[in-house]
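[1] With the input below, show me the fold.
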Amino acid sequence: MTYRVSMLPPGRDHRHVLVWQFDEPVRALSSASVGGGFSTPAWLLNIGVPHDYSRIDLDEHATAIAAGRGLSGSGIAMFTAVDVTRVEHACFEGASVSATVGVTKPTWAADPEAGHGSWPGTINVVASVPVALEPAAMVQALLAMTEAKTQALLEAQVPGTGTASDAISLLCSTAGPAHRFGGVRSSWGHRLAMATHAAVLQGLVAHPGRAR
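    Residues are numbered from 1 along each chain as shown. Reported below is the predicted structural model:
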C-alpha cells in the first residue's frame, strides 16, 4: 500500500490540514464523523479547527475543504482543535501511526458525572498497515489501538481514558490474502498497538502542558 501525506495551509474557516492521498485502493475503518465505518476512501483529512469551532455540518465543511484542494471522490475527515503541525509519527515493524494529541479535557469512558457533550482537546490517530485484514480483524485492531492509546495516557498520568471527541482511522491494503486476526496478541494488532502507544506518548511528552 502506498500513499502520500502532505500539509495544507490554513484557510478562512480552518487551520492547517493533514492530507493522506492513496496511490492504490485501500480499505479503511474509521470512527470519524465524516466517512466513518468501513470504506474505500480516495483521501483522508485531519482538519485543524479553531477552539470555538461550532459547525455541525461537518460533511459539507470537509467536502468544501477537499474540493478546494482538488481532491475528488469520497473520503474520511477528522477534526481537532490541536495544531496538526505538531503531529507525531511512529512505526513498529511495518505498522505506521500518526497522532495529533490534545488532552485539554480528558474524560473517563464510564463517568456518571460527565454527562454529554464534547470539548476541544481531541486525540486523532491515523494508522496504516501494508497488508489486508478481514473486517473483524480491522475491528479488533481498532480496539487494540484504543487500548494502547489509553495505556499511554495512564502512563503519562492523564486523568482519563481519552477525550470525548477522539477519533481513529485504520488503513490497510486490499491486495493479497487477508489476515484473520487483529487483536493485541496478533502480529499486526501487536504492531499497531506498539506504534499507537509510541505516537500518543510522544505527543504527550512533547507537550507536557496538556497539548491544546
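[2] my guess is residue 183 meets residue 146, correct?
    No. Using C-beta atoms under 8 Å, residue 183 makes no contact with residue 146, being 11.9 Å away. No exception for glycine: its C-beta is placed from N, CA and C like everyone else's.
[3] Give me the neighbour count for residue 109.
    11 (other C-beta atoms under 10 Å).
[4] How about the contacts made by it?
    By C-beta atoms under 8 Å, 6 or more residues apart in numbering, residue 109 lies in contact with 161-162.
[5] ok, it to residue 160 distance?
    8 Å (C-beta to C-beta, to the nearest Å).
[6] secondary structure element for residue 190?
    Assigning secondary structure by DSSP states H and E places residue 190 in helix 187-206.
[7] If you could redo that for residue 99, that was the one I meant.
    strand 95-101.
[8] Can you spell out which helices and strands pack onto that strand?
    In terms of contacts (3 or more C-beta pairs under 8 Å, 6 or more residues apart in numbering; DSSP states H and E), strand 95-101 is packed against strand 88-92, strand 123-129, helix 187-206.
[9] and the first one, which strands flank it?
    Using DSSP bridges, the strands paired with strand 88-92 are strand 95-101 (antiparallel).
[10] So for the partner strand, mean pLDDT?
    Averaging pLDDT along strand 95-101 gives 97.
[11] Now do that strand against strand 123-129, angle only.
    Per axes from the mean of the first three to the mean of the last three C-alpha atoms, to 10 degrees, the angle that strand 95-101 makes with strand 123-129 is 170 degrees.
[12] What is the subsequent helix or strand relative to strand 95-101?
    Counting by DSSP H and E, the element after strand 95-101 in chain order, helix or strand, is strand 106-107.
[13] partner strands of that next one, parallel or antiparallel?
    Counting by DSSP bridges, strand 106-107 is paired with strand 162-163 (antiparallel).
[14] ok, residues contacting the partner strand?
    With contacts defined as C-beta under 8 Å, 6+ apart, strand 162-163 is touched by 102-107, 109, 118-119, 121-123, 146, 149-150, 153.
[15] which residues does the residue nearest to the spatial centre of the chain contact?
    Nearest to the geometric centre of the chain sits residue 125, at 2.4 Å (C-alpha atoms, centre = their mean). Contacts for residue 125 were tallied using C-beta under 8 Å, 6+ apart; they are 97-99, 145, 149, 166-169, 196, 199-200.
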